[in-house]
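Asks: Got a predicted model here, sequence first, then my questions.
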Amino acid sequence: MPATNFAGMDSSSRAVHALVAAVIWIVVIVVVRFVLERAFARYERRLAERDPAVAARRRTTFAFLLRVLVALTVLIGIWSVLSIFPATREVANAFLASSAVLAVIAGVALSTPLGNLGSGVLLAFTQPVRLGDRITVGEHTGVVDEISLSYTTLVTDEGPHVFVPNQTMVSTMLVNRSVGSHPDTSAQDFRLGQP
């Protein structure tokens, strides 16, 4: 009987530890997001004073980096909370032991989502479109409202939002109608690097 109670207490103490860890990670996630948003906004304001075109380009990169960093923080938090329980720790060890088989399965099952994620990274760094650009992709024309990890949101002239997978944004021809309205910054970027 005492062994059963001890096991129950052990389980409940793990649950309390998991709850405390979850609360701590939620606070960490909120703080990380807040600090990054403020830092990116401050840096963007400084850039906008010098060159609004560069600031517009960096805004897209900052929005993407913020999402990636917050997502990584969330994953680390979830992993640390789940590792408190022996059952999930054993599952993690088994997962790591069979990672080669799982990698093949995941590669096949997640080819489209991972393709969208990779395309989102490519869009963030090559920036054929930026937030606020007016573009046409396929039969949809609208203003880029958001570029997330997996899709780009357009607000069309009719009002509805169109969610275009990032893989489509990278693999099909798109027309950026705002490119002419952004001044060419390549010469200015080059001169910033010279003494």
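Replies: In hand now; what should we look at?
Asks: Check the protein for its longest helix and report it.
Replies: Using DSSP state H, we find that the single longest helix of the chain is helix 2-50.
Asks: From the contact counts, what lies against it?
Replies: In this structure, helix 2-50 packs against helix 52-82, with contacts taken as 3 or more Cβ pairs under 8 Å, 6 or more residues apart in numbering; DSSP states H and E. Heads up, the C-betas are built off the backbone N, CA and C, glycines and all.
Asks: tell me how far the helix it packs on is from the chain's mean position?
Replies: Going by Cα atoms, centre = their mean, to the nearest Å, the spacing between the C-alpha centre of helix 52-82 and its chain's C-alpha centre is 5 Å.
Asks: For it, buried residues please.
Replies: Applying a neighbour-count criterion of 16 or more other Cβ atoms under 10 Å, one finds 53-64, 66-67, 70, 73-74, 77, 81-82 buried in helix 52-82.
Asks: again, but for stretch 28-47
Replies: Neighbour counts over stretch 28-47 (16+ other Cβ under 10 Å) mark Ile29, Val32, Arg33, Leu36, Phe40, Glu44, Leu47 as buried.
Asks: any idea which of these is closest to Glu158?
Replies: Looking at the buried residues of stretch 28-47 and their distance to Glu158, the nearest is Glu44, at 30.9 Å (Cβ to Cβ).
Asks: Which strand residues bridge the nearest residue to Leu174 once chain neighbours are set aside?
Replies: Closest residue to Leu174 apart from its sequence neighbours, by Cβ to Cβ, 6 or more residues apart in numbering: Val137 at 4.6 Å. Beta-bridge partners of Val137, counted by DSSP bridges, are His140, Leu174.
Asks: just use 51 as the starting number from now, easier for me
Replies: OK, 51 is where the count begins now, so the last one is Val187.
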